[in-house]
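Chemist: Quick one: sequence plus predicted model below, questions after.
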Amino acid sequence: MITATTGIKRLQTGNHRFTSEVSSKALLGSQVRRQELMAGQEPFAVILGCSDSRVPAEIIFDQGLGDLFVIRVAGNIVAPSHIGSVEFAAEKFGTRLVVVLGHSQCGAVQATLEELRQPTENRSPNLRAIVDYIRPSVEELLQTDLQHDENTLMHHAVRANIRASAKHLRHGSQILEQLIQEDGLLIVGAEYSLETGIVDFFDGLPN
């Protein structure tokens, strides 16, 4: 079993390869690797990330088949099915690292801020559900001086949403809480920069 701290280092090293444009294409999936994985999988990290097409976890972390258990949803929100997916990976495969991965200029966060400023009447109930998950983590920011600086507001809102999702995972499941307390499970938050390609792990890291 790969520990959470080792997993973070592997992700950071892979992201450095990605940003340095020295990615190892061999990691993506050889026939030998496919055959190995037929017997089962042992992903070393769960990535709960945004569905944005510009943020594919396996590519930005330079990982291959069987390395990551990836859950993607707009705005990297945490609904019951996402918690269940994380529980499944943590229990079934022994994965001890969970990363909530948001990104700069997140469209779902931007849509939530716009909805708070100027509510719409005819929004799809399914889209509204995503906004409603993000709303609690960002609405207080609009009551601060950040409302006058759009870029800074977005930066803080994206990170607030990541922190909220990570917190929800840590405290929204008895299974995950027990694994955190007794078995070394670590849930952290990270932000991917569309501008630089760098992933910044900023929430929940061990001291």
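Modeler: Okay, I see it.
Chemist: From here on, just use CA atoms for contacts and neighbour counts.
Modeler: Fine.
Chemist: Give me the next element, helix or strand, following the lowest-mean-pLDDT helix or strand in the chain.
Modeler: When each helix and strand of the chain is scored by mean pLDDT, DSSP states H and E, helix 31-37 comes last, with a mean of 83. Using DSSP states H and E, the next helix or strand after helix 31-37 towards the C-terminus is strand 45-49.
Chemist: list the helices and strands that next one packs on?
Modeler: strand 68-72, helix 80-92, strand 97-103 (3 or more C-alpha pairs under 8 Å, 6 or more residues apart in numbering; DSSP states H and E).
Chemist: what do you get if the cut-off is 6 Å, keeping everything else the same?
Modeler: With contacts taken as 3 or more C-alpha pairs under 6 Å, 6 or more residues apart in numbering; DSSP states H and E, strand 45-49 sits against strand 68-72, strand 97-103.
Chemist: How far off centre is the next helix or strand after it?
Modeler: Using DSSP H and E, the helix or strand that follows strand 45-49 in sequence is helix 57-60. Relative to its chain's centre, helix 57-60 lies at 12 Å (C-alpha atoms, centre = their mean, to the nearest Å).
Chemist: Check stretch 129-145 too.
Modeler: Its chain's average C-alpha position is 18 Å from that of stretch 129-145, according to C-alpha atoms, centre = their mean.
Chemist: Mean confidence (pLDDT) on that stretch, please.
Modeler: The pLDDT scores in stretch 129-145 average 95.
Chemist: Pull the residues that contact it.
Modeler: Outside of stretch 129-145, the residues within contact range by C-alpha atoms under 6 Å, 6 or more residues apart in numbering are 112, 157, 160, 161.
Chemist: buried ones in that stretch?
Modeler: For stretch 129-145, burial by neighbour count (16 or more other C-alpha atoms under 10 Å) applies to 130, 131, 133, 134, 135, 137, 138, 141.
Chemist: and the residue of the chain most remote from its centre, how far is that from residue 104?
Modeler: Going by C-alpha atoms, centre = their mean, the residue of the chain most distant from its centre is residue 121, 30.0 Å out. Noted for residue 121: a distance of 27 Å to residue 104, by C-alpha to C-alpha, to the nearest Å.
Chemist: Quick one: distance of the least confident helix or strand of the chain to the chain centre.
Modeler: With C-alpha atoms, centre = their mean, you get 27 Å for helix 31-37.
Chemist: cool, stretch 106-115 as well?
Modeler: 17 Å.
Chemist: Begin at 26, not 1, for the rest of this chat.
Modeler: All right, first residue 26 from here; so that's stretch 131-140.
Chemist: what mean pLDDT would you report for that stretch?
Modeler: Mean pLDDT, stretch 131-140: 96.
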